[in-house]
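S.K.: Any chance you could fold what I've pasted below:
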Amino acid sequence: MTDPVLFRGNDSARTDSAMDCFAITKHDSTDFTYMVRGIYVGVTGDVVVVTPSGAAITFKAVPAGAILPVKAKRVNSTSTTATDMVGLY
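M.R.: Down below sits the predicted model:
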């Protein structure tokens with residue numbers, strides 16, 4: 001997995017908008033190619049993210065159009081009901 005924040009001492013690297021994005025495919029064991037810094041949710045539902053440390057956290061009833069400002073390496077398929085998600089990195 002590649003963490004796109006290459007300049008860790010650069011504060012703007014942590015606060016700038018995303019460099020790129022991809023359609024998220026939910027999966028219970030396959031991590032994203034890139035660590036995301038946010039997740040856009042297209043259709044309302046629950047989102048189970050896996051953090052860089054490996055913790056699975058459920059965001060309940062995320063509304064359509066919301067952006068979750070969270071670093072994640074995966075969105076689990078099990079218990080994730082939201083769809084049309086986009087990973088921002």
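S.K.: ok, now which ones touch Val36?
M.R.: 70-73, 87-89 (Cβ atoms under 8 Å, 6 or more residues apart in numbering). Any C-beta I mention is one placed from the backbone N, CA and C, and that applies to glycine too.
S.K.: residue ranges with poor pLDDT in this protein?
M.R.: 1-14 (pLDDT under 70).
S.K.: circling back to that earlier point, pull out the buried members of the contacts of Val36.
M.R.: The neighbour-count test (16 or more other Cβ atoms under 10 Å) marks 71-73, 87-89 as buried among the contacts of Val36.
S.K.: Could you list which of those belong to strands?
M.R.: Among the buried ones among the contacts of Val36, the members found in strands (DSSP state E) are 87-88.
S.K.: Distance to Tyr40 for the buried ones among the contacts of Val36 - can I get that in JSON lines?
M.R.: Shown next, in JSON lines, are these (distance: Cβ to Cβ, whole Å):
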{"residue": "Lys71", "distance to Tyr40": "15"}
{"residue": "Ala72", "distance to Tyr40": "12"}
{"residue": "Lys73", "distance to Tyr40": "17"}
{"residue": "Gly87", "distance to Tyr40": "8"}
{"residue": "Leu88", "distance to Tyr40": "6"}
{"residue": "Tyr89", "distance to Tyr40": "12"}
